[in-house]
Each structure stands twice: as C-alpha cells, then as structure tokens.
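>>> After the sequence you'll find the predicted model.
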Amino acid sequence: MSRPIGSKNKPKIPKNNGGIFLTKLEKQIEGSAVTRKNALGWVNWGAKNNYPNLLLDLYNQSPTHRACINFGVQSIVGNGVDYDSMQIDGSQVIPNYAESWDDLIKNIALDYMLYGSYAIQIIRNKDGKTFSFWHMPLDKARWSEFDEDGQITSYWISQDWTSTGQFTPFQIDAFDMRDESVIENGKPYLYVYRQYSPAMTYYTQPHYQAGIKSIQSEIEYVNFDLKTTVNNFVPSGMLVLNDVETDEERQGIINNVTRMFQGSDGANSLMVTFRNNVEEQKPEFVPFAANSGNINLYASANERTVSRILASHQIPNASLVGMPDVGNSGFASEADKLETAYQLYNKLTGNANRMAVIRTLNNMLKMNGVEVEVVMKPLSFNDFGNDADVEERTEPAKVDETDKRNNEEEKVE
C-alpha cells in the first residue's frame, strides 16, 4: 500500500544493516519562572502560568527538600507567639474568628519558604476601626501589570489557574499598609510580601532556586528505586525483534517500548533492534552487564544531591532536618551539635526569614491598635524534656460565639 500524499515528507527511519535504534531516555528539566503578560489583565507566572504548582510538586516529591522547607517553617514559627513576653492576652488579638496567630504565621511562613512571597487578605470590620487578616495561598494569586507609576494596584485570584474556564479569575485591589484612609468596610484587599529577586520584574524566585535541579535529581532517584523494584530489578539491555514491513510499524513499536522504559519511570535504558532475516524467531532480550567500577555511582550521586539540596537551603547540618550525620563533630553531645548548627543557620538565613514574617505581623497589630511587637518563643535543642510544656503554651486561642458573630465579614474564597 502506497504512502498517503500528505505523509511523504515525514522523516523516515533508516533501514541500515542491523536496524538498531537507541531510545532517548532524557526528560526535560524545567527552568526558572518565565513571566508573560496576559491579554486578560494578569501576568502569567511561568510559561504555562503554573510555576507555583511545579514548586509545590518539588515539595511533595523530594524527601530532603520537603524536610528542609518544613525545618525553615518551624524555625520561623518557633514554639509559638510569646504572649507573656508581649504582655498581652492572646485571645483578644486574634487575626480572624477562625484562626490563632500561630495558625496564620505557620501558613504564611510555608508560602514564604516555598515561593519567596506570601499573601494576606485584609478586611476592615464593621466597627470601622479594626481589621481581620486571612491567609491567601500564594499559588491562587497572580499579579496585575504595573500602572503608570510603576505600582501594582490589584491582583487576580483563581482557585485553579490551570482551569480558568471552570474557576474564573476575579480581581482584588492591592492593600497598602501605609494608607488606611481609603479602605472600605467589608471589602477584601490583598497584601503581598515579596522578597527582592534580581532580574525578576513581578514574581520572586524561591531562596533555593539554585538547588532546583538537585531537587529534581533526587525525585528521579526515588522514582528509579521504585520502578526498579516494581520491575523486579530487570537490567538495562537490548531488545531484538523480528523484522517488520513498514517504517510506520517500526516507529509504532519503538514508541510503545520507549514509553514503557523511559527515564526513571522505567529505570532502564533500552536498545531496540530488528532482524533482517524473514525467519520467525522469538523476541530476545540481551542484558547489558554493569561495569563493576560503577557499582557505587548511584550512591555517591545521591549523596552529592542531598548535600546540594541542604546547601541551597543554607542548612549547615543534616541532623537539623532529621537526617543522620555520621561525621565526628567533636561536640560533647548531640544536643550541643544541633544547637550550634541551629545558631549558625539563624545567622545565615533563619533570622532574616523570621523577620520577613514578623515585620508584617507587627504592622497588622498596629492596624488594630496594638502597639506591641511580636515575640516568638525560640526553638531549643537542649530542652527535649519540655515537650508537654511547649504543647500547653502553644494551644490555639479559643474564640466564643459572641466574638465570632461580631467579627464582621466573611473572607473571599
């Protein structure tokens, strides 16, 4: 049967002697976020406007990266707000009727560690004097373009930016904490904190940006382990098949086999070859013998990857995130080693991360007439016997029904 006219320019598979084809097993590595203006008014975050989703996938799939993020959040939250040091009643200064300050701080700290930014929805209450503060997941928000003065005056919110037809974006005015006179009662505004990111006009880069490829590598190692186990540790090799008549049939077979074995999802590389003879024979799989010199290649590569992930988070010791540290550190106790490593982490980045959150909290308290700066109870690695006391002191503030009814307006979903 002749080839259809419209397909004559399709690339052919060369039929040289042996008919050997090596499948390509590489996967595309996502780069840093690309921003593009959208005709509908918002600025896309990433080439497909889904860059926060990609960062969230890294968090959910890389064990080391997730542990580092969680540790960064915990270093910001500490052991909760120290109301005693602030000399205030925590139950009287809650951010909204549903959450305590500890809840709100943990949520915005997680966004800050994941994305380098966080968002808070602010509503002036019915009394016209106080405000309610709600965490807005940053992956739901997109920026509007700068106005003629170089300011962002509004943002866009959608529950799912990959499906804007179903979850229609809506616009919300930006909130400037320096100007409360124009804030309307009951109307939601959005405040966004952005850390400075060189060469990024709108969105920020996470602080671990340089470690993203290492994080992706660890995810591939995990997939490799899983699929190797699922595939009963089948080695890489060459698959020998009987000859087929047409290029299309060959390409179809290669495509099917490639999908089965591609990348870490297949945990194998595969060479496909077709016999030139017409004699029917059984398909044959020829395994490739592993080089004895590469027996520790995977383990050493994984160790380097973990070290790079820790470095991208500026974490000086793996024990801080719950990983074993077999080195001889010379400390008198494990607690002393952890305490010293934690103090170094604070000097490197922990204190700066904490202040990026606390400064905003201080402004929010001032908006509600509370002229006191937030104090957080610090973490300590020498008080493992005081866990019960910590749990008791950090119990969320209770809100009675009267407060709930009087706390004004529902937040925007």
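That came through, no problem.
>>> For the stretch 301-413 of the chain, which residues score under the pLDDT cut-off?
Under the criterion of pLDDT under 70, the regions of the stretch 301-413 of the chain flagged as low confidence span 326-332, 382-413.
>>> Can you tell me how far Gln195 is from Gln343?
Counting by Cβ to Cβ, to the nearest Å, the separation of Gln195 from Gln343 is 23 Å. (C-beta placed from N, C-alpha, C; glycine too.)
>>> more crowded one of the two?
Gln195 (17 against 13; other Cβ atoms under 10 Å).
>>> Buried residues in stretch 47-63, which are they?
Using 16 or more other Cβ atoms under 10 Å as the burial criterion, the residues of stretch 47-63 that qualify are Asn49, Asn50, Tyr51, Pro52, Leu54, Leu55, Leu58, Tyr59, Gln61, Ser62.
>>> no wait, stretch 192-203
Residues of stretch 192-203 classed as buried: Val192, Tyr193, Arg194, Gln195, Ser197, Met200, Tyr202, Tyr203 (neighbour count, 16+ other Cβ under 10 Å).
>>> contacting residues around the fifth one?
It stands for Ser197. Contacts were defined as Cβ atoms under 8 Å, 6 or more residues apart in numbering; by that measure Ser197 touches Gly116, Tyr203, Thr204, Gln205.
>>> Report all helices and strands that the longest helix along the chain contacts.
The helix of greatest length in the chain, counted in residues with DSSP state H as the criterion, is given as helix 212-230. Counting contacts by 3 or more Cβ pairs under 8 Å, 6 or more residues apart in numbering; DSSP states H and E, helix 212-230 is packed against helix 51-61, helix 63-77, helix 263-266, helix 297-312.
>>> quick check: domain ranges of this structure?
Per the record's domain assignment (automatic domain parsing), the chain is made up of the domains 11-27+213-290, 52-208+353-406.
>>> Could you tell me the least trusted of the ones you listed?
Within the domains of the chain, the least confident segment by mean pLDDT turns out to be domain 11-27+213-290, at a mean of 63.
>>> before we move on, back to that, do you know which of the helices and strands packed on helix 212-230 lies nearest Pro169?
Pro169 lies closest, by Cβ to Cβ, to one member of the helices and strands packed on helix 212-230: helix 51-61, at 14.3 Å.
>>> I'd guessed Val374 sits against Ile358; true?
Yes: applying Cβ atoms under 8 Å, one finds Val374 in contact with Ile358, separated by 5.0 Å.
>>> overlap in contacts of these two?
Residues touching both Val374 and Ile358 (Cβ under 8 Å, 6+ apart): none.
>>> quick one, which of those two is more surrounded?
For Val374 and Ile358, the more surrounded residue by other Cβ under 10 Å is Val374, and the numbers stand at 21 against 16.
>>> State the distance from the more buried one to Ile105.
Remark: distance between Val374 and Ile105 (Cβ to Cβ) = 8 Å.
>>> One more: Ala356?
According to Cβ to Cβ, Ala356 stands 12 Å off from Ile105.
>>> ok, which stretches of the protein are strands?
With strands called from DSSP state E, the chain shows them at 20-22, 35-37, 43-45, 117-124, 131-136, 141-143, 154-157, 170-173, 188-194, 237-241, 270-274, 284-287.
>>> related to what we said a few turns ago, including distance to Asp84, could the helices and strands packed on helix 212-230 go into TSV?
Putting those into TSV (distance: least, Cβ to Cβ, whole Å) gives the following:
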stretch	distance to Asp84
helix 51-61	34
helix 63-77	17
helix 263-266	51
helix 297-312	35
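>>> which of those helices is buried the deepest?
Compared across the helices and strands packed on helix 212-230, helix 63-77 shows the largest average neighbour count, a mean of 21 (mean count of other Cβ atoms under 10 Å).
>>> What angle do helix 297-312 and that one make with each other?
Angular relation of helix 63-77 and helix 297-312 on a 0 to 180 degree scale: 20 degrees, by axes from the mean of the first three to the mean of the last three Cα atoms, to 10 degrees.
>>> Just the CA atoms of helix 63-77, as PDB, please.
Taking C-alpha atoms only, helix 63-77 is exported to PDB below (Å, rounded to 0.1, in the frame of the first residue of the first chain):
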ATOM      1  CA  PRO A  63      12.100  14.000  50.800                       C
ATOM      2  CA  THR A  64      15.100  16.100  51.500                       C
ATOM      3  CA  HIS A  65      13.700  19.300  50.100                       C
ATOM      4  CA  ARG A  66      10.400  18.800  52.000                       C
ATOM      5  CA  ALA A  67      12.300  18.300  55.200                       C
ATOM      6  CA  CYS A  68      14.300  21.500  54.600                       C
ATOM      7  CA  ILE A  69      11.200  23.500  53.900                       C
ATOM      8  CA  ASN A  70       9.500  22.200  57.000                       C
ATOM      9  CA  PHE A  71      12.500  23.000  59.100                       C
ATOM     10  CA  GLY A  72      12.600  26.500  57.700                       C
ATOM     11  CA  VAL A  73       8.900  27.000  58.600                       C
ATOM     12  CA  GLN A  74       9.500  25.600  62.100                       C
ATOM     13  CA  SER A  75      12.400  27.900  62.600                       C
ATOM     14  CA  ILE A  76      10.100  30.900  61.800                       C
ATOM     15  CA  VAL A  77       7.200  29.600  64.000                       C
END
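>>> ok, now which ones touch the residue nearest to Asp325 when sequence neighbours are not counted?
Taking Cβ to Cβ, 6 or more residues apart in numbering as the measure, Asp325 lies nearest to Ser319, with 4.4 Å between them; neighbours along the chain are not counted. Neighbour list for Ser319: Asp325, Glu334, Lys337, Leu338, Ala341 [criterion: Cβ under 8 Å, 6+ apart].
>>> same check, this time on Tyr196
Contacts for Tyr196 were tallied using Cβ under 8 Å, 6+ apart; they are Thr204.
>>> Any figure for the gap between it and Asn351?
Here Tyr196 is placed at a distance of 17 Å from Asn351 (Cβ to Cβ).
>>> Give me the neighbour count for Gln209.
For Gln209, the count of nearby residues is 15 (other Cβ under 10 Å).
>>> Let me know the pLDDT of it.
Reading off the confidence values, Gln209 has pLDDT 92.
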